[in-house]
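S.K.: Only the shape, not the letters, is given here:
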Ligand SMILES: [Zn+2]
């Protein structure tokens with residue numbers, strides 16, 4: 001009976017994790033190779049594996065370097081992006097293009113770092 005409870009509890013926790021991941025939206029702005037548009041932002045969601053990789057990046061970074069400032073993290077991400085994903089995007093010109101884009105934790109809609117002036121991308125743009 002208690003084993004059943006554990007399985008149920010594990011499934012509930014898994015569902016909560018999936019829900020939490022699905023609620024996260026990241027903003028990216030790849031340029032369109034067809035028309036050159038570079039100001040469009042696209043909303044993307046991560047797979048559980050991608051989210052795990054992103055989270056592990058910052059855990060590992062803090063373990064290796066201790067507490068880092070927002071700027072130090074940003075500079076580190078230039079050399080070693082936290083996560084690179086590949087997606088298909090449909091531009092406002094109508095063309096679809098495949099692009100690899102870097103994702104960082106502050107790409108998340110609503111992400112707030114107390115060291116920055118305001119929330120980055122507090123509203124998703126579709
Ligand atoms: Zn375009």
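M.R.: Thanks, I have it. Bear in mind that the values here come from a model prediction, so they are computed numbers and not experimental data.
S.K.: you'd agree residue 101 is in a strand?
M.R.: Yes. According to DSSP: H, G, I helix; E, B strand; the rest coil, residue 101 belongs to a strand.
S.K.: So it sits against residue 83, correct?
M.R.: No. Counting by C-beta atoms under 8 Å, residue 101 stays clear of residue 83, with 9.3 Å between them. C-beta here means a position set from N, CA and C on the backbone, and glycine is covered the same way.
S.K.: the more surrounded of the two?
M.R.: Under the criterion of other C-beta atoms under 10 Å, the comparison of residue 101 against residue 83 puts residue 83 first, with 21 against 18.
S.K.: hey, what's that one bridged with?
M.R.: residue 103 (DSSP bridges).
S.K.: Quick check, it in contact with residue 57.
M.R.: Yes. Counting by C-beta under 8 Å, residue 83 touches residue 57, with 6.6 Å between them.
S.K.: what about the helices in this structure?
M.R.: In the chain, helices defined by DSSP state H lie at 2-23, 48-65, 70-79, listed in chain order.
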